[in-house]
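Trainee: Take this sequence and fold it.
(chains A and B)
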Amino acid sequence: MTTHDTADEAEKPTAVRFGAVSKAFGDGDTRVWAVRGLSFSMPSGRFWALMGPSGSGKSTVLHLAAGLTPPTSGTVSIDDRNISTMSDSESAALRRDRVGYVLQSFNLLPFLTAQENVEMPLILQGCGRDEVQHRARTALKRVDMLQRALHKPTQLSGGEQQRIAIARALVIGPTIILADEPTGNLDRGSGNSIMELLRQVNEDLKVTILLVTHDPILASCAHRVLRLIDGRLDQEINLEDSETEAEDHRPSRNGSILCGD
Amino acid sequence: MPKGNLKYAVLGLIALRPNGVHGYQLKGELESLCDDFWQVNYGRLYRSLDLLDDFGAVRATEEVQHGRPNKKLYRITEKGRQTLDDWLLQPPGEDPRPLRDELAVRLLFLNSSNVETVSEQIKRQRSVYITRLARIKRRRTRLHKARLGAEVTDLIMDGAEMRVQADLAWLDHLERKILRMSHLH
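Mentor: Predicted coordinates for the structure are as follows:
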């Protein structure tokens, strides 16, 4: 496995690739450019965060990556397949089978139980009844929500609803999860536990995660942070370096404020 | 007991270990917990331990080791518990955290010709802060694993995070203002 990896290092699969992507909304005088010539290449199995002030284009980038909206120019690839040139049905199939989506507002169907919500993507894929139930329960277990399987969304806390939404994203066995402010509606404690869950999903299941957030504390969970301004890449911060550097390497401080000796 | 909060932090950590603790264990824990406030080195740590011992707040027992110097095991005493309790009830000092950022000083010399340079420095500083947040997160995880009074250590880590968060908010604010300035020129 190791030797294989080394040999293939140069051709590591790419989960998301943007090639000079621009996206405009509206036309004529009211045309607004949300994304301007954005290029990046995100290897499989990574956890990246997209940051930036509101209106910087970060959610549009996520919609483009999900194939929910086509780029005005440039190419978007998921799993090394160019979705910009796919037919609608092809890209819908890729989304259904490969991409999990987690939103700020959870978007659970209120008249279904937690488990039925998680089963939904598999039913859309046409899986058999036994398989649907088995996989849904495995996903619920993964997010530690098996004990809530029969609850309706309104009977669950915000944090629990988001866990169900993550189970629904996981149930298809996605290669990538796109998460748009997944803790935006949660208090600090629930937010932290959702971030911890996403980090585990990335680490244990090797699912690629692209997270949109305005919160630097959440972004700092990622391997890399991309900061957007006005639809352009403003700054890239690699946080993996910080794991290997010595823990005591930090700006010098006089340290005498809280310490009298 | 003579002043100095580091000594109380050391005493507090010893108090969490009724079976005693070695100096090198304390160093690791102290670094994880307090690295926002203090540079912890063995010299300072052992000076604090000696002072605590002299004062009678801790008792050190030697463990004989073959072929290596003896290790000292530190335990809190009754007097030490009392000292710690008294200190916890004292009102905190009033020294505010000074603005130590070089960036703030450089801003004094900002003009239209060096806006670009300052923007670059803001970016570099942002990267430093976000890296620091990632480090705080790892320290939090380490402290959880060490099962060291989880609720309290969590609060300390929350405080460290919030300070960095405030610094980052200030950088964003600065950037907006500076970009506006550069548009004017």
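Trainee: Can you show me the strands along chain B?
Mentor: Ranges of strands within chain B are B:21-22, B:58-63, B:71-76, based on DSSP state E.
Trainee: Those strands: which one's closest to residue B:178?
Mentor: Residue B:178 lies closest to strand B:21-22 among the strands of chain B, at 49.2 Å (CB to CB). Where C-beta positions appear, they are placed from N, C-alpha and C, glycine not excepted.
Trainee: Of the strands of chain B, give the one that comes closest to chain A.
Mentor: Nearest of the strands of chain B to chain A, taken as CB to the nearest CB: strand B:58-63 at 16.0 Å.
Trainee: picking that back up, can you put the strands of chain B in a markdown table and add mean pLDDT, mean neighbour count and distance to chain A?
Mentor: Output for these, formatted as a markdown table (pLDDT from 0 to 100; neighbours: other CB atoms under 10 Å in any protein chain shown; distance: least, CB to the nearest CB, whole Å):
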| stretch | mean pLDDT | mean neighbour count | distance to chain A |
| --- | --- | --- | --- |
| strand B:21-22 | 89 | 17 | 20 |
| strand B:58-63 | 89 | 15 | 16 |
| strand B:71-76 | 90 | 18 | 18 |
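Trainee: Make a markdown table out of those strands and add distance to residue A:40.
Mentor: Putting the strands of chain B into a markdown table (distance: least, CB to CB, whole Å) gives the following:
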| stretch | distance to residue A:40 |
| --- | --- |
| strand B:21-22 | 48 |
| strand B:58-63 | 55 |
| strand B:71-76 | 52 |
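Trainee: Which of these sits closest to residue B:177?
Mentor: Nearest of the strands of chain B to residue B:177, taken as CB to CB: strand B:21-22 at 49.3 Å.
Trainee: what does the closest one contact?
Mentor: By CB atoms under 8 Å, 6 or more residues apart in numbering or on different chains, the residues outside strand B:21-22 that reach it are B:13, B:14, B:71, B:72, B:73, B:74, B:75.
Trainee: Farthest-apart pair in the residues you listed, please.
Mentor: Maximum distance among the contacts of strand B:21-22 (CB to CB): 16.8 Å, for B:13 and B:71.
Trainee: sec struct for the residue in the stretch 51-200 of chain A that chain B sits nearest to, please.
Mentor: Closest to chain B within the stretch 51-200 of chain A is residue A:53: 7.0 Å, counting by CB to the nearest CB. Here residue A:53 is recorded as coil under DSSP: H, G, I helix; E, B strand; the rest coil.
Trainee: tell me the contacts of it?
Mentor: Here residue A:53 is in contact with A:214, A:229, B:172 (CB under 8 Å, 6+ apart).
Trainee: Filter those residues down to the buried ones.
Mentor: Applying 16 or more other CB atoms under 10 Å in any protein chain shown to these, the neighbour count classes A:214, A:229 as buried.
Trainee: Find the nearest non-adjacent residue to residue A:137, please.
Mentor: Setting aside the residues directly before and after it, residue A:137 is nearest to residue A:146 in space (CB to CB, 6 or more residues apart in numbering or on different chains), at 6.5 Å.
Trainee: quick one: the one you found and residue A:140 touch, right?
Mentor: Yes: using CB atoms under 8 Å, residue A:146 is in contact with residue A:140, at 4.8 Å.
Trainee: more neighbours, these two?
Mentor: Between residue A:146 and residue A:140, counted using other CB atoms under 10 Å in any protein chain shown, the more crowded position is residue A:140 (25 against 15).
Trainee: what's the following helix or strand after the host helix or strand of that one?
Mentor: According to DSSP states H and E, residue A:140 maps onto helix A:129-142. Counting by DSSP H and E, the next helix or strand C-terminal to helix A:129-142 is helix A:158-170.
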